[in-house]
Every structure is written in structure tokens, then in C-alpha cells.
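> Below is the sequence, then the predicted model.
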Amino acid sequence: MTVVPGGDGTAVLICDACGSDDSAVDATRDGDLVWPVVTALGWTGSAFATGPHRCPQCSHAAAPPQEAAGESRPAHHSASYSIQTHDDVDVTAITPLADLDAALAERLRDDLMRAAAVRRHVVVDLHAAHFIDSAALGLLVRARQEARQHGATFDLVAPSRFVRTVLHTMRLDGVFRTFPDLRSAVNAMSPAGGRR
């Protein structure tokens, strides 16, 4: 465990990168969920006590991941996510290339909200994101609401077991449609796929 809850409502957060620790008061929420404390102290990583966590210094010093090869040419990319458009079916696929933490959510916010406002279908491909924190989860919920206000769909692709657990814990597993891979999602959006 990288967050060790104490019996008196405190916990010790241990950085998986450098081993430093930090004490927190009122560290557990909803059983094993610790993300309110983790994010309040500037840490990144798992929303659960058993997942990896990085202190603020290690979170900022982490090297950006390498961009994964996509099925279609990215229309835009940064060190932390790529955007692909499939104009034939009016789909924008946004692919985070790292765990979805507060820092990545902030970088992704404008492009994700813009896609939700102007595209008919938005898909977030999570195959490279093993973890999600509260800030990123909140962004996905807000982007889905934005898409629905414009009559668009907003779906997830390949959520990890951890992401599915977070969605289930937060009672959001029935809110987002999920697909096993990007090709399945894009095919489902085509007229032949039976989606609007």
C-alpha cells in the first residue's frame, strides 16, 4: 500500500517514485477512496489507497510518455494526448497517453470541451491510461454533459480495470457507454453501425 490509513483518521502518503512521505488528516473517504486528500496535497496517482502515488515534486519531474501509434493520423498531439478525427462519421477521438490526473485533465480540458461542443460523436480512448483521479473524472462528466447539450454522444474506449472500478464506485458505470477498442467505437457511430 502506498497510502497507509491510520485508526485515528490520519494517513501517511508514500511516494512511489522517491519514497518521501506526507501525513494527512481525514485521509479516507468512502472506505478506501483517498483522492480528496491526495489531490488537495498536490499528489497525483490512484484514487485508492492501494494504487501508486507521486509526490508533487515527482509528479512535475515525470518524463512525458512516448506517443503511441494510432490507427489514423493524429490531427493534433502534445506530449500527453493525441486527437484523431474521423470526418466520415463526424467522430473525434481523444487519447490520453498517460494516467488521467489533474495536470493532464487541465491540459486536455479545452480540446475535450471544444470537441464536445462541435462534434457529433466524441470518444475518449483510455487504453494508455491505467489510473484516473477526481479532477479527470470530473472533466469527463462535464464533457459528457456538454456533448449531450449539443445532441452528441460521448463514449469511452478500453477503460482499464482500475478506471472501471472508479466508474462503478462513483455510480458512473451506467452513464458512459464503453467499447473495447477505437475501431469498434468508430464503427458503432457509422450509419451501418446503427448509431445516430
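On my side now, so go ahead.
> So what pairs up with T85 in the strands?
T85 has these beta-bridge partners by DSSP bridges: T92.
> what packs against the helix or strand hosting H168?
Using DSSP states H and E, H168 sits within helix 161-169. Applying 3 or more Cβ pairs under 8 Å, 6 or more residues apart in numbering; DSSP states H and E, one finds that helix 161-169 makes contact with no other helix or strand. The way it works is simple: take the backbone N, C-alpha and C, and place the C-beta from them, glycine included.
> Averaged pLDDT, that helix. What do you get?
Across helix 161-169, pLDDT averages out at 90.
> now swap in stretch 14-25 and tell me
What stretch 14-25 shows for mean pLDDT is 68.
> what do you get for stretch 85-102?
Stretch 85-102 comes out at a mean pLDDT of 91.
> circling back: and the helix holding H168, which residues are buried?
For helix 161-169, burial by neighbour count (16 or more other Cβ atoms under 10 Å) applies to 162-163, 166-167.
> farthest pair in these?
F162 and L167 (9.8 Å; Cβ to Cβ).
> picking up where we left off before, what residues sit buried inside the very next helix or strand once past the helix holding H168?
Counting by DSSP H and E, the next helix or strand C-terminal to helix 161-169 is strand 177-179. Buried residues in strand 177-179, counting neighbours by 16+ other Cβ under 10 Å, are found at 178-179.
> Repeat that for stretch 153-162.
Applying a neighbour-count criterion of 16+ other Cβ under 10 Å, one finds 153-160, 162 buried in stretch 153-162.
> ditto for stretch 94-113
By neighbour count on 16+ other Cβ under 10 Å, the buried set for stretch 94-113 is 94-105, 108, 111-113.
> all strands for this structure, in order.
Remark: strands assigned in the chain by DSSP state E are 3-5, 10-14, 21-25, 44-45, 53-54, 76-77, 81-86, 91-96, 121-125, 153-157, 177-179.
> Make TSV out of these and add distance to R144.
Putting the strands of the chain into TSV (distance: least, Cβ to Cβ, whole Å) gives the following:
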stretch	distance to R144
strand 3-5	29
strand 10-14	30
strand 21-25	31
strand 44-45	23
strand 53-54	27
strand 76-77	21
strand 81-86	17
strand 91-96	13
strand 121-125	8
strand 153-157	4
strand 177-179	10
